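Trainee: build the 3D model from these lines:
(one chain, ligands or ions: 1)
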Amino acid sequence: METVFENHWEKLGKYAVEALNKNGFKAQYVPDKAAALAAVLKIIDKKATVGMGGSHTMDDIGVQKALQERGNMVFNHQGLSKEKAFKVRRQEITADVFLSGANAVTLEGELINVDGSGNRVAALAFGPGKVIVVAGANKIVKNEAAGRERIKMMAAPLNADRLQRKTPCRVTGMCMDCHSPERICNVTTITHRPLTYTDIHVIIVGEAMGY
Ligand code: SF4
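Mentor: Numbers count the residues shown, from 1 in each chain. Presented below is the predicted three-dimensional model:
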């Protein structure tokens, strides 16, 4: 069964990489998490400062520890109080390199992200000179509509659960387009192409990663 999934994700991953490269992203396919970590480290200069976007996928590949061990300065707001996190989030989005996951990657070569605080989607658009997105092939969808659906049925409810927010999707398992003060879906971006001042590298991994 595992091989069936691996074969499937490799095919979809390579289609997505081709489409992303056509749109100007610097995309590559890697088979597993270890190769993803190696690819991320290769792209980042050893003297660069690095902002972490709060991605479960980045945590999964152990990138922060690996960067700190080789001497990179890393900014990460996770686990901090709201006031401290605000300050660190601002440092993250002006670091040399910003690391992010994606909520969906389309076979048309676009990135779709929903955000609560906006730091992640801000950095994808402007701030750091280089953004690296790592996404498991489970995030690949056909098009923008399928990406938005994936966010409502999977990414956002699971992230709300991970962050222990008081939102209805934690009860129902799907988006209820809530008015909760703890809502995590406040802005959605479709990145069609890299922005003027931002190189965007995308690493598609042939494994299920994140939500
Ligand atoms: S809008 Fe509200 S209910 Fe829908 S996924 Fe986001 S947090 Fe959950």
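Trainee: pretty sure Arg165 contacts Glu182?
Mentor: Yes: here Arg165 lies in contact with Glu182, judged by Cβ atoms under 8 Å, at a distance of 4.1 Å. For the C-beta atoms, the positions are set from N, CA and C on the backbone; glycine is no exception.
Trainee: look at these two and report which has more neighbours.
Mentor: Taking other Cβ atoms under 10 Å, Arg165 and Glu182 do not tie; Arg165 has more neighbours (19 against 13).
Trainee: need the contact list for the more buried one.
Mentor: If you count contacts by Cβ atoms under 8 Å, 6 or more residues apart in numbering, Arg165 has them with 180, 182-184.
Trainee: which of those ranks first by neighbour count?
Mentor: The most crowded member of these, judged by other Cβ under 10 Å, is Ile184 (20 neighbours).
Trainee: ok, and the closest non-adjacent residue to it?
Mentor: Excluding the flanking residues, the one nearest Ile184 by Cβ to Cβ, 6 or more residues apart in numbering is Gly116, at 3.9 Å.
Trainee: and that neighbour, how far is that from the ligand?
Mentor: Distance of Gly116 to the ligand, computed by Cβ to the nearest ligand atom, to the nearest Å: 8 Å.
Trainee: what's the burial count for that residue?
Mentor: Neighbour count for Gly116, taken as other Cβ under 10 Å: 18.
Trainee: can you give me every residue that contacts it?
Mentor: 183-186.
Trainee: go on, Glu69?
Mentor: Counting by Cβ under 8 Å, 6+ apart, Glu69 has no contacts.
Trainee: could you do Cys178 as well?
Mentor: By Cβ under 8 Å, 6+ apart, the contact set of Cys178 is 167-169.
Trainee: if I've got this straight, Ile203 is in a strand?
Mentor: Yes: according to DSSP: H, G, I helix; E, B strand; the rest coil, Ile203 belongs to a strand.
Trainee: and the pLDDT for Arg148?
Mentor: Model confidence at Arg148, given as pLDDT, is 97.
Trainee: so it sits against Glu110, correct?
Mentor: No: in this structure, Arg148 is not within contact of Glu110 by Cβ under 8 Å, at 11.5 Å.
Trainee: which positions in this protein make contact with the ligand?
Mentor: Taking Cβ under 6 Å from any ligand atom as the test, the list of the chain residues beside the ligand reads 156-157, 160, 167-169, 175-178, 180, 183-185.
Trainee: so which of those belong to strands?
Mentor: In strands, judged by DSSP state E, none of these are found.
Trainee: returning to that earlier point: which among the contacts of Gly116 gets closest to the ligand?
Mentor: Cys185 (3.4 Å; Cβ to the nearest ligand atom).
Trainee: using the three-state scheme, assign the closest residue to that closest one other than its chain neighbours.
Mentor: For Cys185, ignoring the flanking residues on the chain, the nearest one in space by Cβ to Cβ, 6+ apart is Val114 at 4.9 Å. Of the three states, Val114 takes strand under three-state DSSP.
Trainee: tell me the contacts of Val114?
Mentor: Contacts for Val114 (Cβ under 8 Å, 6+ apart) come out as 103, 151, 155-156, 184-188.
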